[in-house]
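what follows is a predicted protein model with its sequence.
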There are 2 protein chains.
Amino acid sequence: MEDQKIRNMEEFSAVSGISRPTVSKYFNDPSSVRRSTRDRIEKALRQYDFRPNLFAINQNRKLTKTIGIVVPYLADPFFAEMVRLIERLCIDAGYWPIVFSAHGEVELENNALSTLASLRPAGALIAPLGRSSDLEAVQRFSEEVPTVVFDSNVKVGKAFVGSNNFQSIPMMVDYLCRSGEPPCFFEMPPINPNANKRREAYRQAMERLGYDPMIFKVEAMGWDFERIGFEDGGRLIADRAFPTNTILCSNDRLAIGLLSAAYQKGLRVGRGEGCALRVAGHDDHPWSRFSCPPLTTVSQDYRSIAESSVEMLFRFIDGQEVETETGERPELLFEGKLIMRASA
Amino acid sequence: MEDQKIRNMEEFSAVSGISRPTVSKYFNDPSSVRRSTRDRIEKALRQYDFRPNLFAINQNRKLTKTIGIVVPYLADPFFAEMVRLIERLCIDAGYWPIVFSAHGEVELENNALSTLASLRPAGALIAPLGRSSDLEAVQRFSEEVPTVVFDSNVKVGKAFVGSNNFQSIPMMVDYLCRSGEPPCFFEMPPINPNANKRREAYRQAMERLGYDPMIFKVEAMGWDFERIGFEDGGRLIADRAFPTNTILCSNDRLAIGLLSAAYQKGLRVGRGEGCALRVAGHDDHPWSRFSCPPLTTVSQDYRSIAESSVEMLFRFIDGQEVETETGERPELLFEGKLIMRASA
DNA sequence: TCGAAATCTTTACGCGCGGAAAATTACTGC
DNA sequence: GCAGTAATTTTCCGCGCGTAAAGATTTCGA
């Protein structure tokens, strides 16, 4: 590694002995230049450690290689994991993924979209906040840049990819009914369409089985589900408000909070003898297997959702319009798998 | 909102009736233009929704407004929270934070640094992977851009901000010794300096109190601490390898895994009657209060660490060199607080 | 060996904005 | 109303690279 600092492509082209346009060509696609010149460039690259300025690259390209990823809450393990998978897929495809988190706030979501738009990205993968999203802003954004929406099915963008709550929840309800008392439903704050869909899916599943749905909603809003599960769930337990010993939670984080409340009240959770409560979740968060007891839940197909979203986006970027029979925006829904652990 | 799309500052200057350089001035600092022109610009802004192209802005500024944030593992709640705080502080200061996660892999860390460098950021806040970092690469990076290192004290950059393990760990050891059997130490994989410092801090604290340190290290590597705590910790429990009933874990995630293992083996954890084990952690992760039982731990001062890191970085960006008495790179260490919960 | 095809070099322009300099205009306070 | 100053306009140039076009060179097949 030489001391001499390479400041731009011009200088690099000088030390490598290859003309600047060819060097430019190389950086856009190494395989587009002759083997021998490629070797010469890469030899110089090993010596001088140069990377083209990203701002300059993207400023003047008609199609940038930037892909925006916007999630509502990066500290949520589901999104942390999704981002990890998506980032990797983008990088491997030669794109530059750039992550934004709304941290649960509309202003930050709008800000992220606005910033992202000013980058004129090739495309965007966004999981909107949901109910609190500024739908008009999201809509405007999606008109400017090819957008695939995931997780939270807000009706914008060119496609949606997510989980099929109407498959996963009934599957869990079936299981719970077969193996014990029919579950009541402990609902997360209705921050996004998933919250409502899961509630409705529960209602339908129960009715189909001939049971009365028993739904418990909470007053609290926000993304700190564990706390909500703990406090509100704990209160419901203390008030003996749950009419059955089986509680299906909207998501794992809520369930983990509820498990904590049950533990502190000395209630044994599980399906064995001497258990006072069964608790089930939804999502199979990375930490659900380590709860006490380990959480019975439905796994979302993280990998499929990530891969399909990215694949779908690339098709739009390539200018392929994806048609469905109905002529509507395509919606890809993946099925969950029952993850049986000790909690229910 | 007019339909007409504003494509660049030129067009916006036309519709707003203000010259382009003045518009440019406005976007760099709205308070730098006269009230009346500011109003005219903002009126046009409400009508046309224009944002200067970020690539063009940053390409030609001697000092960009970009700030890079690099963390080793975004799915770790500690880093998720730190990123949240840091991002907010940067935005409020008028900077553009851009987050990179190494996802635990050197190649990705190097890649992030390389990408970041090509953005010629005003500064960078990085929490290196630690032991597996390519130190030379991090060093090279920090020579090019003002860098503040946080959490993991790798000896590069212009300053370090983190927690004082030699305060927090002894405090916990003291507490545990006072309130029951002296703790043994269940060590996280030695992926970064914190791992080693915490072990040493434990050793010293025990010796100072006249006890023999009892350290259990683990073969596994990687960032899935819960799994490691569960599997390796569970094995140690099964083998009755822990010589005391009190276990101090390197961090909360490890402790949570261990709690899970203990639960599944039917061991009651806590400090009351009939408890077989006491378990303590370190960091006060957002979820530690919801473990079963809730985890006794040491809280890291997230907010102070974030604020000081950012503040320190801004001083370097402003060209102020921060001197210490010894003439060395400044290291800001914050003290932890004992968080007493039920597990120990 | 020759010629076509592939690749490279040269030259030149443009992207959208920052920023400097000089000229002009708009505001202060008196 | 006036000077003095502050703000704005005009006019340029430059950042680092993408990209196009024309000409030079290399490669490769027959």
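Sure, I can see it. Numbers count the residues shown, from 1 in each chain, chains lettered A, B, ... in the order given.

count the residues that sit near residue A:188.
When neighbours are counted by other Cβ atoms under 10 Å in any protein chain shown, residue A:188 registers 24. Glycine gets a C-beta too; all of them are placed from N, C-alpha and C.

the nearest residue to it once chain neighbours are set aside and residue B:46, how far apart?
Excluding its sequence neighbours, the residue lying closest to residue A:188 (Cβ to Cβ, 6 or more residues apart in numbering or on different chains) is residue A:250, at 3.7 Å. Distance from residue A:250 to residue B:46, counting by Cβ to Cβ, to the nearest Å: 39 Å.

before we move on, what about residue A:85?
For residue A:85 relative to residue B:46 (Cβ to Cβ), the value is 39 Å.

between those two, who's got more neighbours?
Taking other Cβ under 10 Å, residue A:85 and residue B:46 do not tie; residue A:85 has more neighbours (18 against 9).

buried set for stretch A:223-238?
By neighbour count with 16 or more other Cβ atoms under 10 Å in any protein chain shown, stretch A:223-238 contains the buried residues A:223-230, A:232-234, A:236-237.

now secondary structure and pLDDT too, for the residues you listed, in JSON lines please.
Listed next are the buried residues of stretch A:223-238 as JSON lines, based on DSSP: H, G, I helix; E, B strand; the rest coil; pLDDT from 0 to 100:
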{"residue": "A:223", "secondary structure": "coil", "pLDDT": "90"}
{"residue": "A:224", "secondary structure": "coil", "pLDDT": "91"}
{"residue": "A:225", "secondary structure": "helix", "pLDDT": "95"}
{"residue": "A:226", "secondary structure": "helix", "pLDDT": "95"}
{"residue": "A:227", "secondary structure": "helix", "pLDDT": "96"}
{"residue": "A:228", "secondary structure": "helix", "pLDDT": "96"}
{"residue": "A:229", "secondary structure": "helix", "pLDDT": "97"}
{"residue": "A:230", "secondary structure": "helix", "pLDDT": "97"}
{"residue": "A:232", "secondary structure": "helix", "pLDDT": "96"}
{"residue": "A:233", "secondary structure": "helix", "pLDDT": "95"}
{"residue": "A:234", "secondary structure": "helix", "pLDDT": "95"}
{"residue": "A:236", "secondary structure": "helix", "pLDDT": "95"}
{"residue": "A:237", "secondary structure": "helix", "pLDDT": "94"}
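
which of those lies closest to chain B?
Taking Cβ to the nearest Cβ as the measure, residue A:226 is the one of the buried residues of stretch A:223-238 closest to chain B, at 4.7 Å.

with adjacent residues omitted, what lies nearest to that closest one?
Closest to residue A:226 by Cβ to Cβ, 6+ apart is residue A:257, at 4.0 Å.

report the distance from stretch A:261-278 to the chain centre.
Mean C-alpha position of stretch A:261-278 versus that of the full chain (Cα atoms, centre = their mean, to the nearest Å) differs by 32 Å.

swap in stretch A:302-315?
11 Å.

is any residue of it near chain B?
No - for stretch A:302-315 and chain B, the contact criterion (Cβ under 8 Å from any Cβ of the partner chain) is not met; the two come no nearer than 11.7 Å.

just the buried residues of that stretch, please?
Within stretch A:302-315, the residues scored as buried using 16+ other Cβ under 10 Å are A:302, A:305, A:306, A:308, A:309, A:310, A:312, A:313, A:314, A:315.

only alpha carbons, please: show that stretch as CSV.
The C-alpha coordinates for stretch A:302-315 follow below in CSV (Å, rounded to 0.1, in the frame of the first residue of the first chain):
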residue,chain,number,x,y,z
TYR,A,302,-38.2,-14.0,7.2
ARG,A,303,-36.1,-15.3,4.4
SER,A,304,-38.8,-15.7,1.8
ILE,A,305,-40.2,-12.3,2.6
ALA,A,306,-36.9,-10.7,2.3
GLU,A,307,-36.0,-12.5,-0.9
SER,A,308,-39.3,-12.0,-2.6
SER,A,309,-39.4,-8.3,-1.7
VAL,A,310,-36.0,-7.7,-3.2
GLU,A,311,-36.6,-9.9,-6.2
MET,A,312,-39.9,-8.1,-6.9
LEU,A,313,-38.2,-4.7,-6.5
PHE,A,314,-35.5,-5.7,-9.0
ARG,A,315,-38.1,-6.6,-11.5
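
just after the least confident helix or strand in chain A by mean pLDDT, pick out the following helix or strand.
Using mean pLDDT, DSSP states H and E, helix A:54-59 stands out as the lowest-scoring helix or strand of chain A, at a mean of 88. As assigned by DSSP states H and E, the chain's next helix or strand after helix A:54-59 is strand A:66-71.

which helices and strands sit right next to that following strand?
For strand A:66-71, the packing partners by 3 or more Cβ pairs under 8 Å, 6 or more residues apart in numbering or on different chains; DSSP states H and E come out as helix A:77-92, strand A:96-101, helix A:106-117, strand A:123-126.

mind doing that once more with 6 Å?
Under the contact criterion of 3 or more Cβ pairs under 6 Å, 6 or more residues apart in numbering or on different chains; DSSP states H and E, strand A:66-71 touches helix A:77-92, strand A:96-101, strand A:123-126.

distance between the first one and the chain's centre?
With Cα atoms, centre = their mean as the basis, helix A:77-92 stands 8 Å off its chain's centre.

mind listing what's buried along that helix?
Neighbour-count burial for helix A:77-92 flags A:77-90 (criterion: 16+ other Cβ under 10 Å).

please list which of those are also close to DNA strand C.
The subset of those within reach of DNA strand C, counting by Cβ under 7 Å from any atom of the strand, is empty.

nearest to chain B among these?
residue A:80 (3.7 Å).

can you give me the helices in chain A?
Applying DSSP state H to chain A gives helices spanning A:9-16, A:20-28, A:35-48, A:54-59, A:77-92, A:106-117, A:135-144, A:165-179, A:193-208, A:225-238, A:252-264, A:302-317.

so what's residue A:171 up against?
Residue A:171 is in contact with residue A:338, counting by Cβ atoms under 6 Å, 6 or more residues apart in numbering or on different chains.

ok, it to residue A:81 distance?
From residue A:171 to residue A:81 the distance is 22 Å (Cβ to Cβ).

ok, residue A:73 next?
Applying Cβ to Cβ to residue A:73 and residue A:81 gives a distance of 13 Å.

likewise residue A:200?
For residue A:200 relative to residue A:81 (Cβ to Cβ), the value is 26 Å.

ok, residue A:6 next?
38 Å.
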